[in-house]
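Q: using only what follows, build the 3D model:
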Amino acid sequence: MLLIISLYFNYQINLKIKTIQDKTKKSDNSANPAPNEDSVEDFIKKVINLASKIPQNPVSESIINQLIKTVTSIGSILIWTKNPKSRRDFQYKIGICLKKVQETEYWLKMVFFFSLN
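A: Numbers count the residues shown, from 1 in each chain. Below you'll find the model as predicted:
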């Protein structure tokens with residue numbers, strides 16, 4: 001159940017980041033719209049909470065480490081977007097953030113696969 005909720009929030013975060021990216025492409029006034037950091041932070045906290053409930057063994061430990069590294073990097077990259085050097089720099093950083101969201105989804109799928117066994 002937690003995995004389904006996490007995947008849902010992952011989808012929502014992905015949509016919000018794409019919306020930010022689209023607004024920036026269309027906007028001439030601002031290169032840096034403020035992302036909804038609360039929803040991103042909530043997603044990160046939920047994934048960390050999920051990871052803390054997974055039983056530890058050598059295989060799960062490496063998967064959980066990768067999941068935590070990836071999901072926490074989403075928040076740090078969004079912080080980078082607050083002070084972009086240019087619109088192009090902002091687009092680049094948001095693109096990295098989208099890739100991290102996709103990578104998080106992959107690691108959540110691996111956690112789900114692992115928990116089935």
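Q: got the phi and psi for residue 56?
A: Dihedral pair for residue 56: phi -90, psi 130, per degrees, to the nearest 10.
Q: shaky segments in the chain?
A: Counting by pLDDT under 70, the ranges of the chain that qualify are 1-12, 14-37, 116-117.
Q: tell me where this protein has helices.
A: 2-26, 37-52, 58-80, 87-116 (DSSP state H).
Q: what angle do the third one and helix 37-52 make?
A: Okay, so that is helix 58-80. 170 degrees (axes from the mean of the first three to the mean of the last three Cα atoms, to 10 degrees).
Q: which parts of helix 58-80 are buried?
A: 60, 63-64, 66-68, 70-71, 73-75, 77-78 (16 or more other Cβ atoms under 10 Å). Just so you know, the C-beta spots here come from the backbone N, C-alpha and C atoms, and that holds for glycine as well.
Q: which residue packs closest to residue 47, ignoring adjacent ones?
A: residue 71 (4.5 Å; Cβ to Cβ, 6 or more residues apart in numbering).
Q: that neighbour and residue 56: what is the separation?
A: 18 Å (Cβ to Cβ, to the nearest Å).
Q: can you check residue 98 too?
A: Distance from residue 98 to residue 56, by Cβ to Cβ: 30 Å.
Q: those two: which has the busier surroundings?
A: Higher neighbour count among residue 98 and residue 56: residue 98, with 18 against 9, using other Cβ atoms under 10 Å.
Q: distance check, the more buried one against residue 74.
A: Taking Cβ to Cβ, one finds residue 98 at 9 Å from residue 74.
Q: who touches both of those two?
A: Here residue 98 and residue 74 share no contacting residue, scored by Cβ atoms under 8 Å, 6 or more residues apart in numbering.
Q: what residues sit buried inside stretch 95-104?
A: In stretch 95-104, counting by 16+ other Cβ under 10 Å, buried: 97-98, 100-101, 103-104.
Q: in JSON lines: those, plus distance to residue 110.
A: Compiled in JSON lines, these are given as follows (distance: Cβ to Cβ, whole Å):
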{"residue": "97", "distance to residue 110": "20"}
{"residue": "98", "distance to residue 110": "19"}
{"residue": "100", "distance to residue 110": "15"}
{"residue": "101", "distance to residue 110": "15"}
{"residue": "103", "distance to residue 110": "11"}
{"residue": "104", "distance to residue 110": "11"}
